[in-house]
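J.: when you get a sec, could you give me coordinates for this:
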Amino acid sequence: MSKYFPIFTIVGFFFCFVYLIISVVNEELIIFSMNLFVQDELSSDMTIMFDQLSVSFMFMVLSVSTCVLIYAVWYMEGEKNFNKFIVTLFMFIISMMFLCMSTDIYWVMVGWDGLGITSFFLIIFFQNWKSVSSGMVTLLSNRIGDVFIVTSICLDVFYFESKYSLILIALGAITKSAQYPYSAWLPEAMAAPTPVSALVHSSTLVTAGIYLLLRFNDMFNNELVSLFILSVASMSAFLSISSSWGELDLKKIIALSTLSHLSMMILFISCKDYLCAIIHMISHAFFKSSLFMFAGILIHFSFGFQDIRKLWMNPSTHFLSMSLVFFSCASMVGGPFLAGFYSKEIMIMSLFSFSQKTWILWMTMFLVFGSCLYSARIIFRLLSNLPFYSYSSDPEEFNSTPLLIVTILSISAGSMIIWLTISSWPSLSFQPKESGVSKLFLFLSMFMGFFMGLTVEKKGKLWSKMWMVYYWSSSMMVFSPKMKTNYFYYNLLGDSSGILDWVIWKTKSVNHISFSIKMTENFKIIMFLCGVMILMVSIFMKI
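T.: Numbering: from 1, shown residues only. From the prediction side, this is the model:
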């Protein structure tokens with residue numbers, strides 16, 4: 001019974017939250033204030049606020065978290081520290097909710113730090129060399145963001161409403177949202193159990209930085225800050241799309257897609273198109289959690305393999321799951337009348353209304369193209385792979401309810417959000433000509449992405465003739481080019497059953513050496529991040 005307590009609690013929060021949703025949609029602002037303690041002239045107050053932004057985030061967090069907790073009970077049952085895992089996951093969700101409800105940077109920092117600590121314990125859950133190494137990279141990267149925010153608080157105390165404090169908050173936000181040059185921890189976090197990935201990469205840890213940028217949007221009144229954030233997001237977008245071309249690890253492909261979608265949101269936040277970013281963020285939370293849940297099911301039935309060349313699921317016995325993942329991929333790429341279609345069309349339509357945003361328009365089209373490319377790779381592999389080991393005739397049953405719920409939300413969320421917000425946001429009023437052109441651009445990018453993705457998978461030998469693909473995987477961001485699942489190695493030898501796979505999957509000594517190399521490279525990147533932090537602090541001290 002104890003393992004279901006967090007689920008019942010989250011469900012209770014969700015139903016109590018319906019009243020707040022109705023109130024905020026009616027443009028009511030709800031504020032609760034409480035006095036924590038008073039000692040002489042020292043007092044501490046905590047204020048909780050529910051406005052459109054916080055309610056949108058909390059609805060997203062509670063919806064996804066409820067489904068992920070139900071999914072985690074099935075996926076993690078039988079693990080040695082199962083109860084500790086559920087409690088830590090519950091505290092992770094509570095930290096995100098506290099972050100969304102807080103009204104000032106001091107209490108935001110409490111939820112922010114809670115996310116960093118609980119995410120570290122979730123990533124190192126398996127307590128092996130790889131998970132501990134990945135957890136340390138994630139923790140240290142997030143600590144740098146914490147330093148930026150604490151420094152901004154100090155500046156705000158001594159220099160009230162200093163513009164430099166807003167710049168430091170922006171730097172802290174991009175570390176949590178895994179933007180360049182702090183993108184390394186995102187694929188590293190894949191060492192965590194799949195339910196953690198479904199939560200971290202959809203609606204909690206990575207969106208905490210998005211929430212901070214939206215809450216403190218005054219920073220974008222400064223053109224220099226907007227240009228800096230825009231440049232960082234563009235670089236992260238190119239890095240994520242190009243890295244996903246050469247990646248073979250299923251969870252890392254989905255993680256890189258998260259990075260590209262985060263970059264798209266930050267692009268529009270830097271242009272002050274906050275509504276577009278919020279709509280796409282909510283849509284992204286639903287279809288990304290659905291994809292990670294399906295990835296966990298697929299890996300579970302493939303005996304732990306994550307290489308997309310070795311994943312297979314019987315369509316006759318798992319027809320529902322296969323259908324749901326196709327709908328999720330279609331929503332991610334912007335399929336007609338799905339959630340991703342509404343959010344991406346609104347983004348493109350808003351860019352047509354502003355002539356100075358032409359460059360951002362083409363960057364958005366590139367991101368849509370990239371989404372279709374890696375979605376086509378996943379779908380092609382699911383349909384074309386053949387089993388290379390024997391499966392039991394009676395596969396283990398699993399609870400498909402949470403996967404079904406988030407998939408339905410990923411299909412319908414876009415139209416629901418538009419219906420709720422179109423009367424309150426005049427920026428959604430466009431001419432029919434603009435709407436038609438935006439649809440044309442969207443479908444053109446989708447078609448090119450699918451065509452390129454299918455070509456890449458059908459003619460994989462092409463990669464062995466391209467020297468740059470050696471660096472075009474998540475290894476470019478994860479510190480070591482000697483990754484085990486890279487197209488270059490695979491196609492250079494030409495056969496998945498050759499000596500390469502024998503070395504990769506059979507030889508323990510090679511695995512140990514690769515982990516040792518990775519730890520050495522981790523130390524180098526940690527030193528680099530510390531150097532960046534020291535440089536930034538010294539610059540602000542001189543200013």
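J.: and the strands in this protein, which stretches?
T.: Ranges of strands in the chain, per DSSP state E, are 30-39, 42-50.
J.: which strands or helices does the first one pack on?
T.: Going back to what we said before, that points to strand 30-39. helix 5-25, strand 42-50 (3 or more Cβ pairs under 8 Å, 6 or more residues apart in numbering; DSSP states H and E). Using the backbone N, CA and C atoms, a C-beta is placed for each residue, glycine as well.
J.: ok, residue 103 - contacts?
T.: 31, 47-49 (Cβ atoms under 8 Å, 6 or more residues apart in numbering).
J.: and of those, the nearest to residue 200?
T.: residue 48 (24.3 Å; Cβ to Cβ).
J.: isn't that closest one right up against residue 32?
T.: Yes: here residue 48 reaches residue 32: they are 4.5 Å apart, a contact under Cβ atoms under 8 Å.
J.: ok, these two, which is more surrounded?
T.: residue 48 (16 against 11; other Cβ atoms under 10 Å).
J.: tell me the pLDDT of the more buried one.
T.: Listed pLDDT for residue 48 reads 78.
J.: swap in residue 30?
T.: Predicted confidence (pLDDT) for residue 30: 73.
J.: so it bridges to which residues?
T.: Judged by DSSP bridges, the bridge partners of residue 30 are residue 50.
J.: gap between it and residue 101?
T.: Applying Cβ to Cβ, to the nearest Å, the value for residue 30 to residue 101 is 10 Å.
J.: those two: which is more packed in?
T.: residue 101 (20 against 14).
J.: residue contacts, that one?
T.: Applying Cβ under 8 Å, 6+ apart, the residues near residue 101 are 48-50, 54, 58.
J.: possible to save those residues as a markdown table with distance to residue 229?
T.: Shown next, in a markdown table, are the contacts of residue 101 (distance: Cβ to Cβ, whole Å):
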| residue | distance to residue 229 |
| --- | --- |
| 48 | 28 |
| 49 | 25 |
| 50 | 27 |
| 54 | 22 |
| 58 | 25 |
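J.: buried among the residues you listed? Need that as a selection in ChimeraX.
T.: Selection command for ChimeraX covering only the buried members of the contacts of residue 101, criterion 16 or more other Cβ atoms under 10 Å:
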select :48,49,50,54,58
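J.: so which of the contacts of residue 101 is the closest to residue 273?
T.: Nearest to residue 273 among those, with distances taken as Cβ to Cβ, is residue 54, at 19.5 Å.
J.: isn't the closest one right up against residue 97?
T.: No: using Cβ under 8 Å, residue 54 is not in contact with residue 97; the gap is 9.4 Å.
J.: wait, isn't residue 45 in contact with residue 34?
T.: Yes: with contact defined as Cβ under 8 Å, residue 45 reaches residue 34; the gap is 7.0 Å.
J.: higher neighbour count, these two?
T.: Ranked by neighbour count (other Cβ under 10 Å), residue 45 and residue 34 place residue 45 first, with 13 against 9.
J.: picking that back up, name the residues contacting each of residue 30 and residue 101.
T.: Joint contacts of residue 30 and residue 101 (Cβ under 8 Å, 6+ apart) are 49-50.
J.: one step back: weakest of the helices and strands packed on strand 30-39 by average pLDDT?
T.: helix 5-25 (a mean of 57).
J.: can you list the low-confidence ranges for the stretch 1-150 of the chain?
T.: 1-28, 39-43 (pLDDT under 70).
J.: oh, I was asking about the chain
T.: 1-28, 39-43, 157-162, 313-317, 345, 349-359, 385-399, 414-415, 417-543.
J.: and it, what are its domains?
T.: 1-212, 222-388+398-458, 480-543 (automatic domain parsing).
J.: list the contacts of residue 260.
T.: Counted by Cβ under 8 Å, 6+ apart, residue 260 has contacts 236-237, 240-241, 244, 367, 370-371.
J.: so where do the helices sit in the stretch 251-400 of the chain?
T.: 274-301, 319-333, 339-352, 358-384 (DSSP state H, counting those that start in this stretch).
J.: among those, which is nearest residue 134?
T.: Among the helices of the stretch 251-400 of the chain, helix 274-301 sits nearest to residue 134 (Cβ to Cβ), with 16.4 Å.
J.: report the buried residues of that closest one.
T.: 274-299, 301.
J.: can you list contacts of stretch 407-417?
T.: Contacts for stretch 407-417 (Cβ under 8 Å, 6+ apart): 63, 279, 282-283, 286-287, 290, 324, 327-328, 331, 337-343.
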